[in-house]
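# what's the 3D shape of this:
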Amino acid sequence: MQFPFFLEDVTHITSLLVFSRHDGRVTYFNGDLPVFAHDVEDIDSFRMITAQFCVNGNTKQVDIIRVFGISKIGIKRVVKLNREAGVKGFYAKRKTRGPAVLTPPVLEQAQQLLDKELETPEVADRLGIKRDTLSKAVRASRLHQRVKERPRTSR
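Residues are numbered from 1 along each chain as shown. Presented below is the predicted three-dimensional model:
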């Protein structure tokens, strides 16, 4: 059985788990043993350690919400990330959208083909892009399609 003796200026998360903030560092203690430390601005490490405490059973999610004032969904997300990807998930590069399909050179080629009075689906097929992508660019006025004149009919 461990009898906790805590320093002054600590904030209790649970009866055994506390944290202290000094000189721009946050240090977490379990009982009287320091278990983790990170810079105050290091949000990734904060998210990782609070999720780790919940997953390992050191604390409940509600305690993290109460003490740190984060949202319920916020703690659920970091716990899920910890369970699915582990610690490395918190420090991995964020997934971002890939490069745009309609780059300036592609737009230029598409406009040249449209100027030759080719239909939008044919231009898309020739350039190897989705037909809908090209149609959206035409509707957004990024590309201009010549309006075909209708033959006049006599009345």
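# and this protein, what are its domains?
10-91, 97-155 (automatic domain parsing).
# Ser135 should be in a strand, yeah?
No. Ser135 is assigned helix when assessed by DSSP: H, G, I helix; E, B strand; the rest coil, not a strand.
# Contact partners for it?
Residues near Ser135 by C-beta atoms under 8 Å, 6 or more residues apart in numbering: 120, 124. Where you see a C-beta, it was placed from the backbone N, CA and C, and this is true even at glycine.
# One more: Phe29?
Neighbour list for Phe29: 6, 10, 17-20, 35 [criterion: C-beta under 8 Å, 6+ apart].
# Of those residues, just the buried ones, ChimeraX syntax please.
Here is the ChimeraX selection string for the buried members of the contacts of Phe29, based on 16 or more other C-beta atoms under 10 Å:
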select :17,18,19,20
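# Pick the most buried one from the domains of the chain.
Mean neighbours per residue, mean count of other C-beta atoms under 10 Å, is largest over the domains of the chain for domain 10-91, with a mean of 15.
# how long is it from one end to the other?
From its first residue to its last, domain 10-91 covers 27 Å (C-alpha to C-alpha, to the nearest Å).
# Kindly report the same for stretch 80-92.
Start-to-end, stretch 80-92 (C-alpha to C-alpha) is 15 Å.
# how near is the most centrally placed residue in the chain to Ile129?
What sits nearest the mean C-alpha location of the chain, by C-alpha atoms, centre = their mean, is Arg94, with 5.9 Å. Going from Arg94 to Ile129 by C-beta to C-beta, to the nearest Å gives 26 Å.
# Flag the shaky bits of the chain, pLDDT-wise.
1-8, 98-99, 148-151, 154-155 (pLDDT under 70).
# for it, what spans make up the helices?
Remark: helices assigned in the chain by DSSP state H are 43-55, 61-68, 72-85, 88-91, 104-115, 120-127, 131-139.
# Format those helices as TSV; extra columns: distance to Arg25.
Shown next, in TSV, are these (distance: least, C-beta to C-beta, whole Å):
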stretch	distance to Arg25
helix 43-55	11
helix 61-68	16
helix 72-85	21
helix 88-91	18
helix 104-115	48
helix 120-127	55
helix 131-139	49
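# Out of the ones you listed, which is closest to Gly31?
Closest approach to Gly31 among those is made by helix 43-55 (13.7 Å; C-beta to C-beta).
# Tell me how far the closest one lies from the chain's centre.
A distance of 17 Å separates the centroid of the chain from that of helix 43-55, by C-alpha atoms, centre = their mean, to the nearest Å.
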